[in-house]
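Novice: need a 3D model of the following:
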Amino acid sequence: EVQLVESGGGLVQAGGSLRLSCAASGFTFDDYAIGWFRRSPGKEREGVSCISSSDGSTHYADSVKGRFTISSDNAKNTVYLKMNSLKPDDTAVYYCSAREVVDWNYWGQGTQVTVSS
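Specialist: Numbering: from 1, shown residues only. Purely as a prediction, here's the structure:
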């Protein structure tokens, strides 16, 4: 059974930091890209960042470039999202997802990040 389990969300003041984790199981981790997405009330889901488990290549949304860092520990089948200089606009439910080729096939349950001003 494929599982993606996010953790690490919480309440933080503007300017603070959090590190999200996405623990994956049930599929061959090295064959997938793992992405982080977020959704806040009244807004569409936004792709935040993704990483290829095979070659480590990364991508970031313009809104988080320079503040967020995605990384992967293939030995632990876990992807991390380190979020620095957080802003109230970063408040959202953050989801991780796995993509084998084109579609984001698998999703976690999400973790809430709230940034207070």
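Novice: what helices or strands is the helix or strand of the chain with the lowest mean pLDDT leaning on?
Specialist: Every helix and strand of the chain was ranked by mean pLDDT, DSSP states H and E. The lowest is strand 104-107, at a mean of 92. Secondary-structure packing of strand 104-107 (3 or more C-beta pairs under 8 Å, 6 or more residues apart in numbering; DSSP states H and E): strand 92-99. (Each C-beta comes from the backbone N, C-alpha and C, glycine too.)
Novice: list the buried residues for the strand it packs on?
Specialist: 92, 93, 94, 95, 96, 97, 98 (16 or more other C-beta atoms under 10 Å).
Novice: what packs against that strand?
Specialist: Against strand 92-99 (3+ C-beta pairs under 8 Å, 6+ apart) you get strand 3-7, strand 18-25, strand 33-39, strand 46-52, strand 104-107, strand 111-116.
Novice: nearest to residue 73, out of the ones you listed?
Specialist: Set against residue 73 and scored by C-beta to C-beta, the helices and strands packed on strand 92-99 come closest in strand 18-25, at 9.4 Å.
Novice: follow-up on the earlier one: got a markdown table for the helices and strands packed on strand 92-99, with distance to residue 78 and mean neighbour count too?
Specialist: Putting those into a markdown table (distance: least, C-beta to C-beta, whole Å; neighbours: other C-beta atoms under 10 Å) gives the following:
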| stretch | distance to residue 78 | mean neighbour count |
| --- | --- | --- |
| strand 3-7 | 9 | 17 |
| strand 18-25 | 5 | 19 |
| strand 33-39 | 9 | 22 |
| strand 46-52 | 11 | 19 |
| strand 104-107 | 15 | 16 |
| strand 111-116 | 14 | 17 |
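Novice: ranking those by mean pLDDT, which is last?
Specialist: Comparing mean pLDDT across these, the weakest is strand 104-107, with a mean of 92.
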